[in-house]
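Enquirer: sequence below, structure please.
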Amino acid sequence: DVSLIERLADSVDYPVKYKVAYNNGVAGALDGFREKHKDWIVKEPAIGNRGVAGSWNDCATWFSEEPAWLVMNDDAWFLKGYLKKICDCADRCPQAPIIHLNNSNAYYAFVWTAAGRKEFGTFDETFWPAYYEDTDMRVRHRLKGFKDYTYALPGLPPLPHGKPRTGGVNYSAMIQGTGLINRTYWL
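Expert: Below you'll find the predicted structure:
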């Protein structure tokens, strides 16, 4: 939904090195966005929908020289001043494997560090298109004894997120079916 990516782009109020819009849907869907936002890098996988884990892993691969990557779902956006606070926290905590934004371990928006990628690996792309890739990572953290997450925005209202509409009947059926497969694989 390009309107959601527009909402996210409009909420960016702090300069960051790279801004990437990753189109995991219909080829060319972000052409208009690309024209309007020339300072963004628009990526489209050549092989179709890479899924959530594949998309996250791609960004860390494309920008592997960076110490951290802020990952945002298309349905999240920044409140005024939040992006600076998130970047400041990432700069202060480069050894934290994952920096969650609020007092929640949700993965709709988080900072993934190079240190975390090195210690815990990439997200498992077998979980396609979505769900359980974050659960799998949390379990990897626990198995290595890691349990103290860093939070970039403690005590502040949560980073907003939400879709005004769902992907429709076919999308819902696909998510339900793949969700059963993903859950079985995870178990």
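Enquirer: show me where the chain has helices.
Expert: 2-11, 31-36, 51-62, 82-92, 114-120, 133-143, 169-186 (DSSP state H).
Enquirer: of those helices, give the one that comes closest to residue 43.
Expert: Ranking the helices of the chain by proximity to residue 43 (CB to CB) places helix 51-62 first, at 7.2 Å. (Each C-beta comes from the backbone N, C-alpha and C, glycine too.)
Enquirer: so what sits opposite the spatially most central residue of the chain in the bridge?
Expert: Nearest to the mean C-alpha position of the chain, counting by CA atoms, centre = their mean, stands residue 71 at 3.3 Å. According to DSSP bridges, the partner residues bridging residue 71 are residue 110.
Enquirer: the helices of the chain: lowest mean pLDDT?
Expert: Between these, the lowest average pLDDT goes to helix 169-186, which shows a mean of 89.
Enquirer: that one: how far from the chain's middle?
Expert: Relative to its parent chain, helix 169-186 has a centroid offset of 19 Å by CA atoms, centre = their mean, to the nearest Å.
Enquirer: need the contact partners of that helix.
Expert: Here helix 169-186 makes contact (CB atoms under 8 Å, 6 or more residues apart in numbering) with 126, 127, 128, 129, 130, 131, 132, 135, 136, 166, 167.
Enquirer: got the CA coordinates for it in CSV?
Expert: Output of helix 169-186 as CSV, limited to C-alpha atoms (Å, rounded to 0.1, in the frame of the first residue of the first chain):
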residue,chain,number,x,y,z
VAL,A,169,-9.8,-12.3,1.0
ASN,A,170,-7.0,-13.9,-1.0
TYR,A,171,-4.3,-12.3,1.1
SER,A,172,-6.0,-13.3,4.3
ALA,A,173,-6.3,-16.9,3.0
MET,A,174,-2.6,-17.0,2.0
ILE,A,175,-1.5,-15.7,5.4
GLN,A,176,-3.7,-18.2,7.2
GLY,A,177,-2.4,-21.1,5.1
THR,A,178,1.3,-20.1,5.3
GLY,A,179,0.8,-19.3,9.0
LEU,A,180,0.0,-23.0,9.6
ILE,A,181,3.0,-24.1,7.7
ASN,A,182,5.3,-21.6,9.4
ARG,A,183,4.0,-22.6,12.9
THR,A,184,4.6,-26.3,12.1
TYR,A,185,8.1,-25.5,10.9
TRP,A,186,8.9,-23.3,13.9
